[in-house]
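Student: Test case, fold it:
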Amino acid sequence: MRYDYFRPHNPTNMEQVLQYQQTHRQRYLDELLDLLRIPSVSADARYRDDVLRCAQAVSERLAQAGADRVQVIQTAGYPVVYGEKIIDPALPVVLVYGHYDVQPPDPIELWHSPPFEPVVKDGYIYARGASDDKGQMYMHIKAFESMWKTGSLPCNIKFMIEGEEEVGSPNLEEFARKHANMLKADTILISDTAMIANDIPSITTGLRGLAYVEVEVTGPNRDLHSGVYGGAVANPINILCDMISSLHDENRRITIPGFYDAVEELSAAEREAMARVPFSIDDYKAHLGIDEVLGEAGYSTLERVSIRPTLDVNGIWGGYTGPGAKTVLPSKAFAKISMRLVPHQKSEDIMRLFTEHFQRIAPPYVKVKVTPHHGGEPAVTPTDSPAYRAASKAMETTFGKTPIPLRTGGSIPIVTMFEKVLGLKSVLFGFGLDTDAIHSPNEKFGIFNYYKGIETIPYFYHYFTELSRKN
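Tutor: This next block holds a predicted model:
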């Protein structure tokens, strides 16, 4: 078997890999903390230089880990960092996807420590991007380093790490089409999801899609004095609240005509299997600080957040919100609304149905404008592929138990895009937890999870190479 540079590789040499990881354990943590100090917020143009600086930092880390052809490739937005290690063209190729951009840190005042000054406390790393996705992305770079530096890389690996995931990856499809030959692989490995618990490993096998819109309701042509005009002119904020309230019925079903037409209904056997997933409703409520849950009638909490579509207001504003009082009847009111979709629903169809319905229910004393933002399609990944079986076997090796296949409620729109453009299925190999507070103040990532990911990933490569040869 031929390897580049005639470097001797022993794919089964996991003892040396684990020893290398143990030796460099503190450095692995320090390097992640350095990355977390870069405020790579893709949604806010004020952070543009920081996002570009983070791309450069990731490329340098890839090169230091041993990757070849490391490039910072420009797109119409933020760049994609690419690197690879091809040890033998006859061996399988794994394409690793991750992202280096992060969510905005707002509201800053709710953070216990500055979001871009990482703090290690009680076994967790607290910082924006700690779990989503810098910590999980960086596990792959360090796992690769530990394999390459010990001569234990069993197959080929490519990295594609983007900087626009948190704004819907608007330029990634064009990038993938343009560089399809460079990105050729046998599977895609993604760590941007969560496990059930540290002692209950799981692999995500389904993701909901997303349709995101912004609505604008306009009443009078200017803000008015609420004493002079109140009671005679429609208040856009009141009207918007009424319209939003009407989008659910008393059973928390969405009232948009046609919304459920394409929804896949799971069989009784599938729902029964979901019910066997370890879950405590009391712990769930305690963690969130709520007395009771709320959702679509007839479905459990786990079903509501995974196999059922949703509609939620993500932000609402209008009128005067400054200190003190200002008796104003506003001219406009706004809201941002997201709809999570399940298999067979399509984001364009749902955005159209929402727009038509929202305009139809608008009373004559206001004008309504709906602006679609980014969308993404639901995804279900196979559990019988060599890649999934390799991931399952890898987790079983390091956790001591077989991971549970699990559909979850988040969205990673690029999963269906990769299948369409590159013809590749993905393995959603996440090591975070739902309690990591991603997208929220005080985001965190367990140090256990970080190191466990670095430990487990090399086993995936070993088993995937072994299973691919058998197939």
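Student: Next up, the contacts around Gly432.
Tutor: Each residue near Gly432 by CB atoms under 8 Å, 6 or more residues apart in numbering is listed here: 131-132, 135-136, 193-195, 438, 445, 449. C-beta coordinates here come from the backbone N, C-alpha and C atoms, glycine included.
Student: quick one: pLDDT of Ser267?
Tutor: Note for Ser267: predicted pLDDT of 88.
Student: about what we covered before: so which of the contacts of Gly432 belong to helices?
Tutor: 135-136, 449 (DSSP state H).
Student: For the protein, identify the residue most remote from the centre.
Tutor: Going by CA atoms, centre = their mean, the residue of the chain most distant from its centre is Val228, 48.5 Å out.
Student: Quick check: buried residues in stretch 386-400?
Tutor: Buried residues in stretch 386-400, defined by neighbour count with 16 or more other CB atoms under 10 Å: 386-396, 399.
Student: how about TSV for the contacts of Gly432, with distance to Glu216, pLDDT and neighbour count added?
Tutor: Compiled in TSV, these are given as follows (distance: CB to CB, whole Å; pLDDT from 0 to 100; neighbours: other CB atoms under 10 Å):
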residue	distance to Glu216	pLDDT	neighbour count
Ser131	34	98	28
Asp132	30	97	27
Gly135	37	98	28
Gln136	36	98	27
Thr193	34	95	22
Ala194	35	95	23
Met195	40	96	24
Ile438	29	96	22
Phe445	37	98	30
Asn449	41	98	26
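Student: quick check, nearest of these to Gly298?
Tutor: Using CB to CB, Ala194 is the member of the contacts of Gly432 that lies nearest Gly298, at 25.8 Å.
Student: if I pick that closest one, what's in contact with it?
Tutor: 204, 408, 430-434, 436.
Student: hang on, the earlier thing: packing partners of the stretch of helix or strand the residue farthest from the centre of the chain belongs to?
Tutor: Per DSSP states H and E: Val228 is located in helix 226-229. Helix 226-229 sits against strand 328-329, with contacts defined as 3 or more CB pairs under 8 Å, 6 or more residues apart in numbering; DSSP states H and E.
Student: can I assume Ala65 is in contact with Ile141?
Tutor: Yes - the pair Ala65 / Ile141 is scored as a contact, 5.2 Å apart, by CB atoms under 8 Å.
Student: Look at the two and report which has more neighbours.
Tutor: For Ala65 versus Ile141, the count of surrounding residues by other CB atoms under 10 Å is larger for Ile141: 27 against 22.
Student: next structured bit after the helix or strand harbouring the more buried one?
Tutor: Following DSSP H and E, one finds Ile141 within helix 134-149. As assigned by DSSP H and E, the chain's next helix or strand after helix 134-149 is strand 156-162.
Student: and the angle from that following strand to helix 134-149?
Tutor: 160 degrees (axes from the mean of the first three to the mean of the last three CA atoms, to 10 degrees).
Student: Need the contact partners of strand 156-162.
Tutor: By CB under 8 Å, 6+ apart, strand 156-162 touches 58, 62, 67, 78, 80-89, 91-101, 137, 140-141, 144, 169, 172, 175, 182-183, 185, 461.
Student: Can you say which of those are buried?
Tutor: Among the contacts of strand 156-162, those classed as buried by 16+ other CB under 10 Å are 58, 62, 67, 78, 80-85, 87, 91-101, 137, 140-141, 144, 169, 172, 175, 182-183, 185, 461.
Student: Which of these fall within helices?
Tutor: Mapping these onto helices (DSSP H) picks out 58, 62, 137, 140-141, 144, 172, 175, 461.
Student: would TSV of those residues with distance to Ser113 and pLDDT be doable?
Tutor: Listed next are those as TSV, based on distance: CB to CB, whole Å; pLDDT from 0 to 100:
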residue	distance to Ser113	pLDDT
Val58	24	98
Leu62	29	98
Met137	22	98
His140	27	98
Ile141	25	98
Phe144	31	98
Leu172	32	97
Phe175	35	98
Tyr461	36	97
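Student: my read is Val313 is in a strand, agree?
Tutor: Yes - the assignment for Val313 is a strand, going by DSSP: H, G, I helix; E, B strand; the rest coil.
Student: give me the number of residues near Ser331?
Tutor: For Ser331, the count of nearby residues is 17 (other CB under 10 Å).
Student: What pLDDT is listed against it?
Tutor: Reported pLDDT for Ser331: 97.
Student: got a list of what it touches?
Tutor: Ser331 neighbours (CB under 8 Å, 6+ apart): 218-224, 236.
Student: where does the stretch 1-150 of the chain dip in pLDDT?
Tutor: Scanning the stretch 1-150 of the chain for pLDDT under 70 picks out 1-12.
Student: Would you state the strands of it in chain order?
Tutor: Remark: strands assigned in the stretch 1-150 of the chain by DSSP state E, counting those that start in this stretch are 68-73, 80-85, 93-99, 119-121, 124-126.
Student: got these as TSV, with distance to Gly258 columns?
Tutor: Shown next, in TSV, are the strands of the stretch 1-150 of the chain (distance: least, CB to CB, whole Å):
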stretch	distance to Gly258
strand 68-73	41
strand 80-85	37
strand 93-99	33
strand 119-121	48
strand 124-126	44
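Student: how about these, which one is nearest Cys155?
Tutor: That would be, of the strands of the stretch 1-150 of the chain and by CB to CB, strand 93-99, which comes in at 6.4 Å.
Student: Show me what that closest one packs onto, helices and strands only.
Tutor: By 3+ CB pairs under 8 Å, 6+ apart, strand 93-99 packs against helix 134-149, strand 156-162, strand 187-190, helix 414-422.
Student: Turn these into JSON lines, columns for distance to Gly258.
Tutor: Output for the helices and strands packed on strand 93-99, formatted as JSON lines (distance: least, CB to CB, whole Å):
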{"stretch": "helix 134-149", "distance to Gly258": "37"}
{"stretch": "strand 156-162", "distance to Gly258": "34"}
{"stretch": "strand 187-190", "distance to Gly258": "32"}
{"stretch": "helix 414-422", "distance to Gly258": "21"}
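Student: Tell me which of these lies nearest to Val72.
Tutor: Evaluated over the helices and strands packed on strand 93-99, closeness to Val72 peaks at strand 156-162, with 9.9 Å, by CB to CB.
Student: Would you state the helices of the stretch 151-300 of the chain in chain order?
Tutor: Ranges of helices in the stretch 151-300 of the chain, per DSSP state H, counting those that start in this stretch, are 172-178, 226-229, 236-245, 268-275, 281-288.
Student: Which one, of the ones you listed, ends up nearest to Arg46?
Tutor: Judging the helices of the stretch 151-300 of the chain by CB to CB, what sits closest to Arg46 is helix 172-178, at 22.8 Å.
Student: in that closest one, what counts as buried?
Tutor: Across helix 172-178, burial judged by 16+ other CB under 10 Å covers 172, 175-176.
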